[in-house]
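>>> I need the structure of the sequence given here:
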Amino acid sequence: MPDTLITQGKIKPELGQYLVRMGLIGQDGHNIGATQDTRLILEQYATGIGFERPVILFHVGEIFVRKYLATIHNQPNIDLAQVEAKFREIVSKFVADARGLRDYLNARVFVHEIPPPTANEENFLQVNNFVCPPVLRASVYETYNRVLREAASAGGLIMCETRDYMNDNGLLRAEYEFDGVHANPKYADMSLSRCLEIWLVGRTSDQTARYASWWKQLPMATDAARTPLTISEIFTPFTPEQIATIKQSMGSFEPAACSTPPLDWAHLPPTTNYPKFNSKITYADLSATGLKVLHDVLLGGPLYDIMKARLGGDFSIVNTRLVHSQAHGDDGIGPQFFHFDGCPPGIYRGLIYLTDVDENTGPFAYVPQPDAEPVLVTGKTGSLVLFDANAIKHRATPPRTANRIAIDLIILVHPARCPRIAHSRSKCTWPIDPYMFGLTDNCYPSVPSKRWFHAALLAPQATFKVVKTLTPEEMAFK
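As a prediction, the model looks like this:
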């Protein structure tokens, strides 16, 4: 039976030492994003790159299954129900450890099935020193993987399956054969590519533990890590001339796919081949000219103090996404389906209509209380509403009679000593690390370094030199 890696929030010392060497936790025992070790924090930011969320591939059980198979292969009548019960016992411990690591490290954890058993009888005998009918070993391996899939799913873990690697008899296909135990590099490459794809798809709401530290610096910080805001009143702060300037500053609308995913931003999936996205919803950037209008009205005008009171502190618009919703008669999917967002502490949302919106042209809708009827937020062009996307179930109602264009604002509440910016990166959501992240040319005021970073938020007395500030292209995942 395996040892437990984490017990009552305490990690095994030898594993802890390994995680320190790998840079996943600090000497203070906290995961690297939540560390309070100033030296580690400054070392990280001196590289010009913020903290990232660890990714761990959890591959367990193959040795156990082979050893267990050795104890039962010559039994005349094998009770697969008993085999399954044994596997459930061992898998429950594996999954508990995987969940423990996920929570302890704030990591994204993948659980990989064990490879199907070899179809090569000579290789199997040479490795295991016993003979076992192919149908039995295929059945035992599949039983283990099925139990692992069920337990991982129930535990909220991400599963990487192996069905594509099996032949019709449940054994490893010859093209992936290596030595009777391990699969070959082709198998490994396919598995890692699959994990990478799942990881990229799941980064829409990614974030690091740095947001917890960020939240503690905010004036409205509470244990709940949210402001009292649910949804604000409707504001109409823009003149027709300002709306016209914004519309003239819109980029080209494109499908919801982030083809060059950056490491320092949560982002949309790399392709549109996913059920929650379709061609009816497209996104565009807003240029610096339009962002100046937003900055002047929302961050520099009299509305700023009102918004500050609603949000609970000073703020910047760290992302501005233009969203074009095509009129259609289908059911709503993705953002047009009622949902909560997984916004980090200090991130709030705003919506500005760039078309007149009534009940038939795609109004924002929210549910004020559980089991209550949805409320539709209609308004003329230029109407603005703020809301906490974690506090209220909401959606963009599918427009039926006309297309709708709106600005999706992603607002970061921050300490007063941070400068206020308005920024646009339409294929992304929010920064992974609120202390340091890349900026594009679509930013007002312009930031020559293309980098959001304020050392005074970390250690007011510390001075250090950034070795290299990476460009957004260098930060992009290749």
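>>> residue boundaries of the strands in the stretch 301-450 of the chain?
Assigned by DSSP state E, counting those that start in this stretch, the strands in the stretch 301-450 of the chain fall at 315-325, 347-353, 364-367, 375-377, 384-387, 393-396, 404-413, 422-423, 428-431, 436-438, 443-444.
>>> Tell me which of those lies nearest to residue 331.
Residue 331 lies closest to strand 393-396 among the strands of the stretch 301-450 of the chain, at 11.1 Å (Cβ to Cβ). The C-beta positions use only the backbone N, C-alpha and C, and glycine is treated the same way.
>>> if we can go back for a sec, tell me which of the strands of the stretch 301-450 of the chain sits nearest to residue 253.
Nearest to residue 253, of these and by Cβ to Cβ, is strand 315-325 at 4.6 Å.
>>> Who are the packing partners of that closest one?
When contacts are defined as 3 or more Cβ pairs under 8 Å, 6 or more residues apart in numbering; DSSP states H and E, strand 315-325 sits against strand 281-284, helix 288-294, strand 404-413, strand 422-423, strand 428-431.
>>> how is the protein carved up into domains?
6-30+54-202, 210-475 (automatic domain parsing).
>>> These: which one's closest to residue 42?
Residue 42 lies closest to domain 210-475 among the domains of the chain, at 5.5 Å (Cβ to Cβ).
>>> Point out where the chain drops to low pLDDT.
For the chain, residues meeting the criterion pLDDT under 70 lie at 1-3, 220-228, 275-277, 455-478.
>>> Could you check how far the longest helix anywhere in it is from the centre of its chain?
Of all the segments of type helix in the chain, defined by DSSP state H, the longest one is helix 80-105. When distances are taken as Cα atoms, centre = their mean, to the nearest Å, helix 80-105 is centred 24 Å away from the chain's centroid.
>>> Which SSE is immediately downstream of it?
Next along the chain after helix 80-105, taking DSSP states H and E as the criterion, comes strand 108-112.
>>> The nearest residue to residue 158 once chain neighbours are set aside: what's it in contact with?
Spatial nearest neighbour of residue 158, excluding adjacent residues (Cβ to Cβ, 6 or more residues apart in numbering): residue 110 at 4.9 Å. By Cβ atoms under 8 Å, 6 or more residues apart in numbering, residue 110 lies in contact with 55, 56, 57, 58, 157, 158, 159, 160, 195, 198, 199.
>>> Hmm, residue 105 and residue 56 touching each other?
Yes: assessed by Cβ atoms under 8 Å, residue 56 is found in contact with residue 105 at 7.2 Å.
>>> the more surrounded of these two?
residue 105 (23 against 15; other Cβ atoms under 10 Å).
>>> I figured residue 51 hits residue 213, correct?
No: contact between residue 51 and residue 213 fails when scored by Cβ under 8 Å: they sit 10.0 Å apart.
>>> So which of those two has more stuff around it?
The neighbour comparison of residue 51 against residue 213 (other Cβ under 10 Å) goes to residue 51, with 24 against 20.
>>> Tell me which residues touch the more buried one, please.
Contacts of residue 51 (Cβ under 8 Å, 6+ apart): 32, 33, 44, 208, 209, 210, 432, 433, 435.
>>> next one: residue 392
Counting by Cβ under 8 Å, 6+ apart, residue 392 touches 230, 231, 340, 366, 367, 368.
>>> Just the buried residues of those residues.
231, 366 (16 or more other Cβ atoms under 10 Å).
>>> any idea which of the contacts of residue 392 is the one closest to residue 172?
Each of the contacts of residue 392 was checked against residue 172 using Cβ to Cβ; the closest is residue 340, at 41.8 Å.
>>> what sits against that closest one?
Taking Cβ under 8 Å, 6+ apart, we find residue 340 in contact with 389, 390, 392, 393, 394.
>>> let's see it at 7 Å
Residue 340 sits next to 389, 390, 393 when contact means Cβ atoms under 7 Å, 6 or more residues apart in numbering.
>>> how near is the second one to residue 246?
When you say that, I think you mean residue 390. For residue 390, the distance to residue 246 equals 27 Å [Cβ to Cβ, to the nearest Å].
>>> Of those two, give the one with the bigger neighbour count.
Under the criterion of other Cβ under 10 Å, the comparison of residue 390 against residue 246 puts residue 246 first, with 26 against 17.
>>> can I get the CA coordinates of stretch 349-358 in PDB?
What follows is stretch 349-358, C-alpha atoms only, in PDB (Å, rounded to 0.1, in the frame of the first residue of the first chain):
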ATOM      1  CA  ARG A 349     -16.300  42.700 -14.800                       C
ATOM      2  CA  GLY A 350     -18.000  45.500 -16.700                       C
ATOM      3  CA  LEU A 351     -20.100  45.600 -19.900                       C
ATOM      4  CA  ILE A 352     -20.600  48.500 -22.300                       C
ATOM      5  CA  TYR A 353     -23.200  48.300 -25.100                       C
ATOM      6  CA  LEU A 354     -22.100  49.600 -28.500                       C
ATOM      7  CA  THR A 355     -25.500  48.900 -30.000                       C
ATOM      8  CA  ASP A 356     -29.000  49.600 -28.600                       C
ATOM      9  CA  VAL A 357     -30.000  46.500 -26.700                       C
ATOM     10  CA  ASP A 358     -33.600  45.400 -25.900                       C
END
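>>> Could I get the buried residue list for it?
Result for stretch 349-358 [16+ other Cβ under 10 Å]: buried residues 349, 350, 351, 352, 353, 354, 355, 357.
>>> now swap in stretch 327-335 and tell me
Neighbour-count burial for stretch 327-335, counted by 16+ other Cβ under 10 Å, picks out 328, 332, 333, 334, 335.
>>> could I get those residues as JSON lines with distance to residue 404?
Compiled in JSON lines, the buried residues of stretch 327-335 are given as follows (distance: Cβ to Cβ, whole Å):
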{"residue": "328", "distance to residue 404": "11"}
{"residue": "332", "distance to residue 404": "13"}
{"residue": "333", "distance to residue 404": "16"}
{"residue": "334", "distance to residue 404": "15"}
{"residue": "335", "distance to residue 404": "12"}
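>>> hang on, the earlier thing: between the strands of the stretch 301-450 of the chain, which one is nearest to residue 73?
strand 428-431 (51.4 Å).
>>> Which elements pack onto the closest one?
strand 265-267, strand 315-325 (3 or more Cβ pairs under 7 Å, 6 or more residues apart in numbering; DSSP states H and E).
>>> just so I know, which of the ones you listed lies nearest residue 426?
Closest to residue 426 of the helices and strands packed on strand 428-431 is strand 315-325 (Cβ to Cβ; 4.4 Å).
>>> now the helices for the stretch 201-350 of the chain?
Ranges of helices in the stretch 201-350 of the chain, per DSSP state H, counting those that start in this stretch, are 210-216, 240-248, 288-294, 303-311.
>>> can you redo these as JSON lines with distance to residue 135?
Formatted as JSON lines, the helices of the stretch 201-350 of the chain follow (distance: least, Cβ to Cβ, whole Å):
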{"stretch": "helix 210-216", "distance to residue 135": "52"}
{"stretch": "helix 240-248", "distance to residue 135": "67"}
{"stretch": "helix 288-294", "distance to residue 135": "65"}
{"stretch": "helix 303-311", "distance to residue 135": "63"}
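>>> Brilliant, that's me finished.
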